[in-house]
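Peer 1: Have a look at this fold, sequence not included:
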């Protein structure tokens with residue numbers, strides 16, 4: 001009888017202990033699962049954010065490359081327009097010279113015709129007069145030679161970029177042109193093209209010098225806005241974002257209706 005009661009007591013104690021252990025395990029399990037679930041969710045979110053940042057950075061890099069490529073193509077197109085415009089101006093100048101020469105010859109012919117009734121000496125005098133008119137045109141032709149050699153020098157330098165794409169040869173060609181014709185009407189463009197060539201070679205200091213010449217000396221040049229934009233790009237590549245912002249803001253304020261303004265705004269957004 002006593003043994004039976006003792007067995008029941010032991011069995012009841014064992015059940016109670018098992019119940020307590022089971023209850024304790026059930027109470028602790030949810031806390032452990034919740035913590036693991038929260039950590040995993042946080043890690044997933046961090047991973048997603050990192051991927052989004054990497055994707056956006058890569059997209060911005062690609063956009064910047066596309067902008068630089070488009071800017072280079074625009075520069076080449078503008079160079080082609082300059083070459084064609086220069087060639088057209090030369091054709092028009094030659095036509096004007098031809099018209100002047102024709103007028104001189106017509107005038108000489110009229111004088112010769114008016115003196116046909118005279119003696120041979122008069123005819124000889126007319127002939128000598130005509131010869132004098134012909135020789136009088138020589139100084140004007142000689143005077144036009146420096147201008148033509150200037151045009152040819154500039155055309156040759158530009159064609160090394162646009163036609164033959166011999167960029168290394170174009171650099172000394174533009175340097176020679178600037179040295180030979182410091183007051184040329186093409187000086188601003190020559191400085192800009194030389195700066196662009198040096199910029200492509202990552203020779204920042206020399207490129208900055210050429211673009212600064214355009215910005216500081218040629219306020220009415222069509223290349224001034226692009227030169228200012230390039231100065232900002234050089235400062236940005238050298239890690240001087242403050243100076244880069246100043247140049248980009250100058251482009252926006254000085255040239256509000258230009259394509260350079262839109263590029264400057266894009267570069268400001270990427271700083």
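Peer 2: Ah, there it is. Predicted model only: the values in this text are computed from it and were never measured. Numbering: from 1, shown residues only.
Peer 1: C-terminal to the lowest-mean-pLDDT helix or strand in the chain, what's the next element?
Peer 2: The weakest-scoring helix or strand in the chain, judged by mean pLDDT, DSSP states H and E, is helix 120-162 (a mean of 58). Sequence-wise, the next helix or strand downstream of helix 120-162 (DSSP states H and E) is helix 167-180.
Peer 1: any idea which helix or strand comes after that next one?
Peer 2: Next along the chain after helix 167-180, taking DSSP H and E as the criterion, comes helix 187-200.
Peer 1: quick one: the helix or strand just after that next one to helix 187-200, angle?
Peer 2: The helix or strand immediately downstream of helix 187-200 is helix 204-217, counting by DSSP H and E. Between helix 204-217 and helix 187-200, the angle comes out at 160 degrees (axes from the mean of the first three to the mean of the last three CA atoms, to 10 degrees).
Peer 1: buried sites along whatever helix or strand comes next after helix 204-217?
Peer 2: Counting by DSSP H and E, the next helix or strand C-terminal to helix 204-217 is helix 224-237. Across helix 224-237, burial judged by 16 or more other CB atoms under 10 Å covers 224-236. Every residue, glycine included, has its C-beta placed from N, CA and C.
Peer 1: Can you tell me which of these comes closest to residue 41?
Peer 2: Nearest to residue 41 among the buried residues of helix 224-237 is residue 236, at 39.4 Å by CB to CB.
Peer 1: who touches the closest one in this structure?
Peer 2: Counting by CB atoms under 8 Å, 6 or more residues apart in numbering, residue 236 makes contact with 244, 267, 271.
Peer 1: And for residue 206?
Peer 2: Counting by CB under 8 Å, 6+ apart, residue 206 makes contact with residue 198.
Peer 1: show me the contacts for residue 232.
Peer 2: So residue 232 contacts 243-248, 251, 264, 267 (CB under 8 Å, 6+ apart).
Peer 1: Next one: the closest residue in space to residue 221 that isn't next to it in sequence from residue 69, what distance?
Peer 2: Once flanking residues are discounted, residue 221 sits nearest to residue 188: 3.8 Å by CB to CB, 6 or more residues apart in numbering. Going from residue 188 to residue 69 by CB to CB, to the nearest Å gives 24 Å.
Peer 1: do the same with residue 268
Peer 2: For residue 268, the distance to residue 69 (CB to CB) stands at 20 Å.
Peer 1: which of these two has more neighbours?
Peer 2: residue 268 (17 against 10; other CB atoms under 10 Å).
Peer 1: so what's that one closest to, chain neighbours aside?
Peer 2: residue 248 (5.0 Å).
Peer 1: Quick check: the gap between the one you found and residue 80.
Peer 2: Distance, residue 248 to residue 80, using CB to CB: 27 Å.
Peer 1: Same drill for the two, tell me which one is more crowded.
Peer 2: Comparing residue 248 with residue 80 by other CB under 10 Å, the one with more neighbours is residue 248, at 27 against 14.
Peer 1: Packing partners of the helix or strand hosting that one?
Peer 2: Counting by DSSP H and E, the element that carries residue 248 is helix 241-254. Judged by 3 or more CB pairs under 8 Å, 6 or more residues apart in numbering; DSSP states H and E, helix 241-254 is in contact with helix 224-237, helix 259-270.
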